[in-house]
Structure formats: C-alpha cells, structure tokens
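Colleague: Structure here, sequence nowhere to be found:
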C-alpha cells in the first residue's frame, strides 16, 4: 500500500458549551492510502462527521481540536500536521479543496441558490489554480460532464434549485474535485437520496477514485454502503473508534461487542420475511451523560462490572491491521508492560 | 382473502394536483400523483407500499386517512360493526367515528409530539377527544399503553424533550393504539431512527400486530426494512403500482424490471456480495409530464417499441401476484438470494 497520504493519531475534538463538555471525538486514529477507501461508520453522535471536520479544521464553535495529530503528505512531499497549523492560515485554505475535497451531507443546503452551478465550480477552480475565466469555465463544463450531468454546456448556467437531488449531489462532487485534490471526504453523500440514485453516486465515486487514484474517506451510518465501498473500516461509538480493520474482517470476524451487535441488528434484504431482528438494548446516551469507562458498557452483553465501568479500555492490536478497544481482548502481558 | 377478512380495499384511487398558470389561475395540467391505484389489505396483514420519492406512496396513504380528498376512486373500509363504508367521499362529520379505527404512525418522532404536553396527555388525547372514560379511566388506559410499548410507567408525567428518538416513536405508537384501531398507516416509521433503535421498533411493530391482530399499511423506501415487516409488497413508480407480490416471491423473483433494478440497487451488508448492480440511467419521470406508454420505459433496459406507446395494465395472476409490464411473461429477472 506504500506510504499513507493522511495519518491521524489520537485526535480529540471537544465541544465546551456552557452546559458542560462533549467529547465529540475522543482519540481517533487511522491511516488513509491513495486509491483506497476508508469507511467511518457509526450511529448519530458517534463523532464521525466531527472527525472529518476536525481534519479540515472547520469544526463549528464551541468545538475545538484539543489534541492529536493529522499528518498530511502534501503533493510536493512535505508532511504537515493539520492540527498544528492555524485553521485560518493560507496553507490551510490551500489544503481545503486543493488537497482535500469535501462532499457535504446535504446537497440542498450546501449549494448557493444565488449563483449558477457553473460559477460555483469556476470559483472553486480559480481559488486554487491560476487559470483564465474562459479556461475555468471550460474546465467546469468538463467536470460537470465527468460527474455525469447531462448536457453540461447548458446545465452550467442553471441554478441549484433547478436540479434534482441526485444532480445536486453530482454538482457537489464536481465542486469537491474542482482543484484536483488527492483526498476526497464524503460525509453521508447518499443519505438524502433514493436508492437507485444512491447506486449511481456510489458508482461515480468508485469510477473517479479509480481514474485519479483518489484516497477516499466515506462517512456513513449505513453498513450496506460500507460493505459495498470500503477497503478498511473504522467503527465509532460516542467519540471512540471501537474497532478498525479490513472490510472483510469487520463484517465476517468482528470482535468488539458493539460491532457484533450492530451487524446483527441491521435489516437486510437477504433476511427471511417477517423475521425479528436482534436488538441492542437501550439507546445511545445523550452526549452530556456519557457513561464512565467504556462508553458502550451500559448496552453491552459482555459487560464486566468493576472493569468496563471503571476505566476506558486500551486499544488491542489483534493483528497488524485489526484493532479493537475492549477489555475482552486486553493482552495481560501488555497490561503489565 | 374472503370479504370478511378484508379491512381495506382501494379501487382505482386517483389524486391529481392541478397546475395553475397565469392571471386567471387556469388549470393547464395535472400532477398525477396517484393514478389508478388498487389494492387490498386483510386483517392482521402488512402491505408495504415502496418506491422512490415522488412515486405517490405518501399521497396514497394520505388519501386513505382522508388527510386529503382523492380525485377519484373508492376506499372501502370495513368498520368494527362489520359494515363496509366508502371513505373516499365521506364528509368530515361522517368520517369522525371512523378516525378511531384508522390511525397513523409518523416518520419524524421529533416534530410529531407536542413539546408542551406530558406523555400522559399525548397518549390520552385521542381518548379525551373521543369522550372516552373519565380522568381515572384514561390514566389507567395510558398506563396500559405504556406497558404495551414497553416504556416505564414513571415516564407518564414527563415531556417529549426528555426522550430519545426510539422512545418518542414508542410514544407515537402508544398514541396510535389508544383507540384500538383496526388499521394503522405507518409512513416511514423507522427511517429517522438509528440502526440499533430501528430494530427495536420493527420488532415492537411485529409483536403488536401478532398480539392485537392489527393491519398495517407500511409506507417505506428502505427495502431491507420492508422485507422484515411485510406479508405483501406493492411497488409504485410515478403514481402507479407496477408490481404486487408476497414478500418472499417479490424479493426472490421480481417480475417488473423496475423492481429488479430497485432490488439490485440496495447495498447488501456483506463485502463478499458486492453486487454487479443494475445502475439505472436518468431519473424518475416527472409526474406532471409522464412519458407516453409505460412511465418506466425511458430507463428500462428491456423496453421494446410497444412500451413506448401503450401503458401496460396491472395484470393479476393466480399465485397472488400482479405486474404491469408487457414483457412480464417472457423476462427472466433476477432478485436477491440469501
């Protein structure tokens, strides 16, 4: 796989509103490689979107990246720590869009209704590349064509509200790719879309990734989309990456009780009609009322009183690519050392 | 299905929304949101209406509950006095006693509960409105209902903001059950919930159906969820039903090319089954200007000349299936195999 293009270590992003503290991301680590897709999966409040926003340094107030590093290998070979540089600096602005493209969750609200889609793409291009207005417009048309927008020469002058949800998401992808980034972060890119449109968009991301050797971070709550797209997977729960590994391992040999329970509880088109699902007891705690110790322990079938509710489990490496954060797998030898 | 068993029978339902233009607001066309839809639901049965946004599934359910007045067609409902009444052209006053017998579970558990009312008041409101029992009797019934949806009695005096999405959906279900309805229309009841909570609500709905003999009209876009709840499934495309079949048969061997494409587009939660999916070209047709012939023909890989000119009728076969496709007999379509 070679060198990772992005290496995130022990990332922590907290929100400190007046009411208390929310540990939105509480120690996330992963590596991203060119041409590969990392899936980050979890339910609401697990911190998957905040992780992405932390990397881009666009966390909303009162959130702050507190600790950790996010080492980006830039196009010219330099390695920069995205956590250490100023979020408003010229370099960070250059990295956003220029090195890392970002596709937001809601194509409806992320596009301007006051500018034509062409002008929005042109702006994204000229922000990062010194090209003339004419060249930029031609590039914009090419990009719209690339993302599968029919009649791009005409559509370039239309407004986002004139387009369907699927076409808007294609425009979002065109925008993210405008400055030819080497990393694409797609945050729930298909959640608002119908299933046949979702299939089109996933296919498009796959095709562009293959053409450009893009590294992709795909953030979703949908295990089906992960199974379909990801090479490796990080499963998050309440700010923690509880398990990470190759996609086949996560689906066929999951170790963390949360991953196991989550996989059993998802409805599947392969199931027997009218079969009951295995449930996870309780519901996701409110972020202010985060359980002590392992955040999953109140819902966990393997809960060990006195252990799981006392301290947070360390990361155990089961094999070079498979890591789990659970006391069940804590190696005694390592605990002493 | 014998006539006594049928709770709801929809025949030729149409709902057109006029498009008005110009100074005189003249009608220049119609959005045919629901165009000649027919189906039946038996006692204790779940029929799912599936399809993509704009296919008319929600409009159909709103017509049945008479939240809106249908343009044409009959909606025969069997009341608990075993009379058959046509809900489609009833007045508001005539509808009132029937409302008890058809209830609704909403999609968004956050906006469908009044934040200023306690849980007891929310669940008890249908009883109050229908003048059933005194305060004590109503409290008892609310307690019973909380038990049915597996919520602690202590929650009775709390307000909705204190609850998670799953708990709120349980409250919504308790409220829908308050008046012992025969039919429950559930419009995307689990799509706003997290996966781990979704499973709890699906199981609860299945259990309640078995215990209380409820009939469900389940409106959903998620075929995985649909597989877990339905006895039969009706697939809609641009205002029409294109296929109806028992759940297992529909998933195993779809007869309509649109059903096949829908099934193949569903991501399967198993990386070893990465599908060679059928990616449909283009977009769902505009119901204001549906294409001539079969509305699906511009996106159909099996379309022939006939599909472009002649709309296929929904043809029933003896095995309880029905399909609207000229080529249904000759095509061998693939479904999902578990």
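Modeller: Everything's here; your move. Quick caveat, the model's predicted, so the values are computed rather than measured. Numbering: from 1, shown residues only, chains lettered A, B, ... in the order given.
Colleague: Quick check: the residue of the stretch 101-250 of chain A nearest chain B.
Modeller: At 3.1 Å from chain B, residue A:224 is the closest residue in the stretch 101-250 of chain A, using Cβ to the nearest Cβ. Every residue, glycine included, has its C-beta placed from N, CA and C.
Colleague: does that residue really touch residue B:273, like I thought?
Modeller: No. In this structure, residue A:224 is not within contact of residue B:273 by Cβ atoms under 8 Å, at 10.2 Å.
Colleague: show me what contacts residue 9?
Modeller: Chain wasn't specified; assuming chain A. Residue A:9 is in contact with A:29, A:68, A:69, A:70, A:71, counting by Cβ atoms under 8 Å, 6 or more residues apart in numbering or on different chains.
Colleague: actually it's chain B I care about, not the one you picked
Modeller: B:39, B:40, B:41, B:74, B:75, B:76.
Colleague: ok, now how distant is it from residue B:185?
Modeller: Per Cβ to Cβ, to the nearest Å, residue B:9 is found 15 Å from residue B:185.
Colleague: What of residue A:257?
Modeller: With the distance defined as Cβ to Cβ, residue A:257 ends up 37 Å from residue B:185.
Colleague: and these two? which has more neighbours close in?
Modeller: Using other Cβ atoms under 10 Å in any protein chain shown as the criterion, residue A:257 and residue B:185 rank with residue B:185 on top: 26 against 23.
Colleague: residue ranges with poor pLDDT in chain A?
Modeller: A:1, A:107-108, A:331-337 (pLDDT under 70).
Colleague: Could you point out the longest helix of it?
Modeller: helix A:195-212 (DSSP state H).
Colleague: if I pick residue 209, what's in contact with it?
Modeller: Let's take chain A. So residue A:209 contacts A:35, A:37, A:184, A:216 (Cβ under 8 Å, 6+ apart).
Colleague: actually chain B
Modeller: B:44, B:46, B:216 are the contacts of residue B:209 under Cβ under 8 Å, 6+ apart.
Colleague: where does residue B:41 land in three-state SS?
Modeller: strand (DSSP: H, G, I helix; E, B strand; the rest coil).
Colleague: Can you verify my assumption that it contacts residue B:7?
Modeller: Yes. Residue B:41 is within contact range of residue B:7, at 5.4 Å (criterion: Cβ under 8 Å).
Colleague: Within its sheet, name the partner strands of the one helix or strand residue B:73 maps to and how each one runs.
Modeller: Taking DSSP states H and E as the criterion, residue B:73 maps to strand B:72-78. With DSSP bridges as the test, strand B:72-78 is paired with strand B:6-21 (antiparallel), strand B:84-86 (antiparallel).
Colleague: Pick the most buried one from these.
Modeller: Mean neighbour count (mean count of other Cβ atoms under 10 Å in any protein chain shown) peaks for strand B:6-21 among the strands paired with strand B:72-78, with a mean of 18.
Colleague: Enumerate the positions of the helix or strand containing residue B:61 that are buried.
Modeller: If you go by DSSP H and E, residue B:61 is part of helix B:57-64. By neighbour count with 16 or more other Cβ atoms under 10 Å in any protein chain shown, helix B:57-64 contains the buried residues B:57, B:58, B:59, B:60, B:61, B:62, B:63, B:64.
Colleague: can you tell if that helix touches chain A?
Modeller: No. On the criterion Cβ under 8 Å from any Cβ of the partner chain, helix B:57-64 is out of touch with chain A, staying 11.9 Å away.
Colleague: the inter-axis angle of that helix versus strand B:72-78?
Modeller: Orientation of helix B:57-64 against strand B:72-78 (axes from the mean of the first three to the mean of the last three Cα atoms, to 10 degrees) gives an angle of 70 degrees.
Colleague: The helix or strand harbouring residue B:258 packs against which elements?
Modeller: Per DSSP H and E, residue B:258 falls inside helix B:257-265. The contact analysis (3 or more Cβ pairs under 8 Å, 6 or more residues apart in numbering or on different chains; DSSP states H and E) places helix B:257-265 against helix A:195-212, strand B:232-237, strand B:240-246.
Colleague: I'd like those as TSV, with distance to residue B:223 appended.
Modeller: Shown next, in TSV, are those (distance: least, Cβ to Cβ, whole Å):
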stretch	distance to residue B:223
helix A:195-212	7
strand B:232-237	8
strand B:240-246	13
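Colleague: Compute the first-to-last residue distance for stretch A:235-242.
Modeller: Start and end residues of stretch A:235-242 are separated by 6 Å (Cα to Cα, to the nearest Å).
Colleague: and if you look at stretch B:271-284?
Modeller: 29 Å.
Colleague: when you scan it, is anything in it near chain A?
Modeller: Yes. Using Cβ under 8 Å from any Cβ, stretch B:271-284 reaches chain A at B:271, B:272, B:273, B:274, B:275, B:277, B:279, B:280, B:282, B:283, B:284.
Colleague: how about the third one, what does it touch?
Modeller: Contacts of residue B:273 were listed using Cβ under 8 Å, 6+ apart, and they are residue A:227.
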